[in-house]
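>>> structure, please.
(2 chains)
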Amino acid sequence: MDLSLRWLKDYVDIDVPIKELVSGLTISGSKVECFEEEGAFLSNVVVGKVLEIERHPDSDHMFTTQIDVGEGEPVQIVTGAQNVRKGDFVPVAKHKSTVLHEGKQVKITKGKLRGVASNGMLCSLAELGLTINDFPYAIEDGIFILGDDVDRTIGMDIRKAIGFDDTRIEFEITSNRPDCLSVTGLARETAATFGLPFKLKKPEYKGIDGKASDYVDIKIENTKLCPRYMGGIVKNVKIKPSPRWVRERLRASGVRPINNLVDITNLVMLEYGSPMHAFDLRYVEGGKIRIRNAKPGEKITTLDGVERELSEEMLVIADEKKPVAVAGVMGGEYSGIMEDTNTVVFESASFDGASVRMTAKKLGMRTDASARYEKGLDPENTYHALMRAFELVEQLGAGEVVREYTDEDYSDKTPKSVEFDAKWINDFLGTDIPEEDMIKYLNSLELEVKDGRVYAPYFRIDIGCKSDIAEEVARLYGYNRIPSTIIRGVAQAQLTPKQVFERKIRRNMLALGASECETFSFISPKFFDKINIPADSKLRNTVLISNPLGEDTSVMRTSIIPSMCEVLARNINYRNKAATLFELGNEYIPVEDEVLPQEPVRLCIGLYDTEEPFKFFELKGMIEELLDKSGLEDYEIARPGENTVFAEAVSFHPGRAAVIKTADGKEIGIFGELAPAVSENYKIKERLYIAKILIPELMESCVEVKTYKPLPKFPASVRDLSVVCDESLPAAEIEKAVKKAVGNILESVTLFDVYTGSQIEKGKKSISYSITMRSADGTLTDEQTDKAMDKVFRALEELGAVLRS
Amino acid sequence: MKEQLLKLEEQAKDSLSAVTDAKGLEELRVKFLGKKGEITAILKQMGKLSAEERPVMGQLANKIRSDIEEAITNKQNAIKQRLAQKKLIEETIDVTLPGKKVKTGHAHPLDATLEEVEQVFLGMGFDIVEGPEVETDHYCFEALNMPKSHPARDTQDTFYINENVVLRTQTSSVQIRTMEQRKPPIRIISPGRVYRSDTVDATHSPLFHQIEGLVIDKGVTMADLKGTLELLMKRLYGEETKVRFRPHHFPYTEPSAEVDLMCFNCKGAGCPMCKQEGWIELLGAGMVHPKVLEGCGIDPEEYSGFAFGIGLERIAMGRYKVNDMRLLYENDVRFLSQF
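The predicted structure follows:
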């Protein structure tokens, strides 16, 4: 809402510096976004009078003028304009002034034009930043000859002389206060905020004898969506430009002045917040106005020239045959005022807010009118608006008002009231405001306190409960005067086990050298193609956004992996040498027959390194450390089988992927190198290393607190072992066999070498372990360790692994 | 003999002062004190002495021996010290050479900020509660006093899954879920992702984070709301921080407020950072609307409460002086490794 400061001053004698005004209003609840002085780009432009004008000696289209600018000596100015006459009053940009040129501020200085000195410039409307709408008697391609609606005091600042010195204040009005989408509403707030009287005059008109119903028959067919419709007739209208005071108020409010009748409807809407419409009676067929729902298939061409199809739930204003306006949104093509209009019907009506909102949304046209109606204007508004329109018609000499108007009124007139309890308000706010002060605040907003109740004026549609009254009191008392206290009572707060676990994971990942990412939860369905997910994969069953910003953010991710791939690829494209990243984020998994999807938390780790490209074991090492720190005591790393729970297994290099299995065989993670084809899809050369770990499932398998194992009392026996076996035999099998063979005296089995090459038969590998044994009961004897090692040899032989000679 | 001994002592002292290294010193020791050394040689002649002379000479010889021994030890220590000194000098390095990189992870600025906020609230007795991001229209709007036709819905451009399911536009949805499940007193915050169909630019993102707060108890006042939020702001921005409360409108709170932070750049005077206002809009808050309480089965005559919603991005960007929101979601390691 743009407010003209000049217009505001019609209703309240506010005389504080502008900064104080806007901050005062912001603090009392009418938030000022910004303010702007009209014509601030003009400087040193004044009213001048043309004393002499003669042809330029050296040009056939220029003139040399002598202009009185009130400085004693006239000023010589050369102009190319053809419309200047001796005796004219003109805007003069003096030496060292600023005006607009093609929309930009430019400086005017003295100079010579074809050898003749010119000490400034005569200005056109455009150079002043104005249009023909602001001064309809001026011409566009010539000097603005000041008319008699301008203060033509020679030497006067042009902005003051033509009234181009208003201040436009832009407000952010919340949806509960449509009354503040008007000059009077904001004036009332200003008066209450600064403790000044609000000077609203009751509109008056004389009228001529007659009844509106003799001209037009008005009936509401849907009184729910239109509780009140008022129609008034103005005859013998004289279409002409509005006077300056109207034009400048509209301009400062951001509305283009058109002609007196249209301007009146706009003026009333801005002043009273109540939209109006004026129909040319000639185009109301059958002399009937019906407020009804649109008929199936009915169409209307709106004022903007677009044909629109209406649906049955929409409300229209119709004549005998056709809709002439979409109720509360926009008029029809021929419904408006024309040059030869003779009789008009003024509509001032109240429509159901939700219905207007729905209609405007469906038709894709939000207008000044619909923006006000959709918030739910009170039917009482329509009366005041029509009265003001009648008053303006007479004041502007725009026509003759037929005295008796039609008022179809089905609105509920019960006054709204809520309980007034000063003690409750103070208890609720934590304040100590005297009751008389509360009443004073409420009265200043026209909220009347009577018999323990507060009665809301009609325009306050937002008042409905005790806390609404508390807010009115609080905002005029001043939110910032309310004390600051600490909530009473004690409360025990604690993190849930899930939160504790997730914090632990996050902390451990940071300690392991991975940096944290935040990626979007919505992805493109194409992301699945990029990681080679087949068309029939369950991952493609996603939660779909019906109105996405674009395809890139159109589905909720069912896998966190592609989000990480995007991040890694982006970093590679930025030529970052290496990245070790993680994200702790949700996946969104649709559940059959459930309204909402599941949102399980996943840990995704991503790595690449352009200098040391092979990162598999680094990734695996990180995971092992993480699992250990998280309290997972028993697990197994294996190749993902056919029946892996991870649909993303297909994204990985088949020979370089592994799953993490808990002791009870549940897969809780997958990791490894992504297939080279995936890198190709991202148009990168580097291999990507990715892990995805299911956090709730991991948490379930972890011990919350580790138990201390006593430090060893007796020395350990260490034996090294090298065996030769088939290259395909997994190291994990050997380790498992060793563990089983040695039994409970085994402390650790540690791999220290894997060798394939010339010293070994082709297809075989040599693999070496260090086996540490220790007993809690005493020092192990050589026999004990030899016996254990014998068992190991035999077990390994069964796997086809023989001692390396 | 006495002369012999005294001469020997003198000789030893002279030789010692000439010695510079450990090897020469050892040679000296053998020469004077060894089994075949000169003192031993002299002492062998003791037999020739008279019984009276013998103890006197013996004493003298022993004294000279121990003197030489002491002198050698002293010299030994001096040489050792000198060598150690030399070694230290030799081992001098250029301490201005760069340190060896230790690889540590960097917390994301959003998560680091969130943890601090959570810590403040945990200290004040607020539990942390989570809720679904894909949410029903009921929890996201209807139960928050925003029926389908409510004009306030226009201010939150919503992503729809279907007519009844949305991506939550605010974490306020968790308020309702919490009030349905818990009995007052309630003190919670609920951080999480929220979604609005805003095109990405320096200050907008279709996905961002909010921290919702809710307190319900008997006798909770608007003054408590002010006190709680002022405390948070002081913890986050320092004791000097100034905030102002401004009336606003949210359908689910009454009275409602917006809270502005005095611009830390210009201290309220007005600068480009705060668009000349002197204040930076930070969060929305208010007293929970009685209709919302009633809808959750809490009697507004008995209980009252407040709620607030803070944008995590705004806090994080203010703290770390990040001027473009896109950086937070781009995850460029050059950005992440700065924190």
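
>>> going forward, measure contacts and count neighbours with C-alpha atoms only.
Fine.

>>> need the residue closest to the centroid of chain A.
The centre of chain A sits closest to A:Leu549, judged by C-alpha atoms, centre = their mean, with a distance of 12.8 Å.

>>> ok, now which ones touch A:Lys86?
Contact analysis of A:Lys86 by C-alpha atoms under 8 Å, 6 or more residues apart in numbering or on different chains lists A:50-53.

>>> recalculate using a threshold of 6 Å.
A:50-52 (C-alpha atoms under 6 Å, 6 or more residues apart in numbering or on different chains).

>>> leaving out the residues flanking it, which one is nearest to it?
In space, and not counting its chain neighbours, A:Lys86 is closest to A:Val50: 5.2 Å by C-alpha to C-alpha, 6 or more residues apart in numbering or on different chains.

>>> write out the residues of chain A neighbouring chain B.
By C-alpha under 6 Å from any C-alpha of the partner chain, the part of chain A that sits against chain B consists of A:27, A:29, A:354, A:428-430, A:467, A:471, A:479-480, A:483-487, A:491-494, A:510-511, A:513-519, A:544-547, A:571.

>>> got the confidence number for residue 184?
All of this is about chain A. We have a pLDDT of 96 for A:Thr184.

>>> oops, wrong one, chain B.
92.

>>> and what of the one 5 residues further on?
B:Ile189 is assigned a predicted lDDT (pLDDT) of 96.

>>> what's next to stretch B:287-297, contact-wise?
B:144, B:179-180, B:252-255, B:300, B:305-306.

>>> what's the span of it from first residue to last?
17 Å (C-alpha to C-alpha, to the nearest Å).

>>> which residues of the chain score low on pLDDT?
Picked chain A for this. Chain A contains residues with pLDDT under 70 at A:805.

>>> look at chain B instead
B:152, B:154-156.

>>> going along the chain, name the strands of it.
For chain B, strands defined by DSSP state E occupy the ranges B:127-128, B:134-136, B:160-162, B:165-167, B:186-195, B:207-217, B:243-250, B:253-262, B:279-288, B:304-311.

>>> mean neighbour count added to the ones you listed, as CSV?
Output for the strands of chain B, formatted as CSV (neighbours: other C-alpha atoms under 10 Å in any protein chain shown):
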stretch, mean neighbour count
strand B:127-128, 22
strand B:134-136, 23
strand B:160-162, 19
strand B:165-167, 22
strand B:186-195, 23
strand B:207-217, 23
strand B:243-250, 23
strand B:253-262, 24
strand B:279-288, 24
strand B:304-311, 24
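
>>> to A:Asp10, which of these lies closest?
If you check each of the strands of chain B against A:Asp10 by C-alpha to C-alpha, strand B:243-250 wins as the nearest, at 26.0 Å.

>>> now the helices for the stretch 51-200 of chain B?
With helices called from DSSP state H, counting those that start in this stretch, the stretch 51-200 of chain B shows them at B:53-90, B:109-123, B:137-140, B:173-181.

>>> tell me the buried residues in the first one?
Of the residues in helix B:53-90, those buried by neighbour count under the rule 16 or more other C-alpha atoms under 10 Å in any protein chain shown are B:57, B:61, B:64-65, B:68, B:71-72, B:75-76, B:79.

>>> ok, the residues you listed vs chain A, which is closest?
B:Gln76 (41.3 Å; C-alpha to the nearest C-alpha).

>>> can you tell me how far the closest residue to that closest one other than its chain neighbours is from A:Val45?
Leaving aside its chain neighbours, B:Gln76 sits nearest to B:Ala22 (6.9 Å; criterion: C-alpha to C-alpha, 6+ apart). B:Ala22 is 102 Å from A:Val45, where distance means C-alpha to C-alpha.

>>> what's the answer for B:Ser256, then?
47 Å.

>>> try A:Ala691
For A:Ala691, the distance to A:Val45 - C-alpha to C-alpha - is 72 Å.

>>> what do you get for B:Asn323?
Taking C-alpha to C-alpha, one finds B:Asn323 at 41 Å from A:Val45.

>>> for chain A, what are the nearby residues on chain B?
So chain B meets chain A at B:103-108, B:122, B:125-127, B:149, B:159-161, B:221-224, B:226-227, B:245-247, B:254-255, B:329, B:331-332 (C-alpha under 6 Å from any C-alpha).

>>> filter these to the buried ones?
By 16+ other C-alpha under 10 Å, the residues of chain B next to chain A give B:105-108, B:122, B:125-127, B:149, B:159-161, B:221-224, B:226-227, B:245-247, B:254-255, B:329, B:331-332 as buried.

>>> number of nearby residues for A:Asp536?
Residues contacting A:Asp536 under the criterion other C-alpha atoms under 10 Å in any protein chain shown number 8.

>>> do A:Glu642 as well
When neighbours are counted by other C-alpha under 10 Å, A:Glu642 comes out with 8.

>>> how near is it to chain B?
From A:Glu642 across to chain B, the span is 32 Å (C-alpha to the nearest C-alpha, to the nearest Å).

>>> contacting residues for that residue?
Contacts of A:Glu642 (C-alpha under 6 Å, 6+ apart): none.

>>> that one and A:Gly430, how far apart?
Counting by C-alpha to C-alpha - A:Glu642 and A:Gly430 are separated by 66 Å.

>>> do the same with A:Ile154
61 Å.

>>> mind telling me which residue is nearest the centre of chain B?
B:Ala112 (9.9 Å).

>>> and whichever residue of the stretch 251-400 of chain A sits closest to chain B, how many neighbours?
Closest to chain B within the stretch 251-400 of chain A is A:Ala354: 5.1 Å, counting by C-alpha to the nearest C-alpha. Counted with other C-alpha under 10 Å, residues neighbouring A:Ala354 total 18.

>>> quick one: the helix or strand containing it to chain centroid distance?
Assigned by DSSP states H and E, A:Ala354 belongs to helix A:353-363. Remark: helix A:353-363 is offset 20 Å from the chain centroid, using C-alpha atoms, centre = their mean, to the nearest Å.

>>> and if you look at stretch B:324-335?
The answer for stretch B:324-335 is 21 Å, by C-alpha atoms, centre = their mean.

>>> quote the end-to-end distance of it.
End-to-end for stretch B:324-335, by C-alpha to C-alpha: 12 Å.

>>> what does stretch B:28-45 give?
End-to-end for stretch B:28-45, by C-alpha to C-alpha: 22 Å.

>>> swap in stretch A:694-708?
Stretch A:694-708 end-to-end distance (C-alpha to C-alpha) = 27 Å.

>>> could you do stretch A:185-205 as well?
First-to-last residue span, stretch A:185-205, C-alpha to C-alpha: 23 Å.

>>> what residues of that stretch count as buried?
A:185-194, A:196-198, A:205.

>>> OK, contacts around whichever residue of the stretch 201-339 of chain B sits closest to chain A?
Nearest residue of the stretch 201-339 of chain B to chain A (C-alpha to the nearest C-alpha) works out as B:Gly227 at 4.1 Å. B:Gly227 makes contact with A:484-486 under the criterion C-alpha under 6 Å, 6+ apart.
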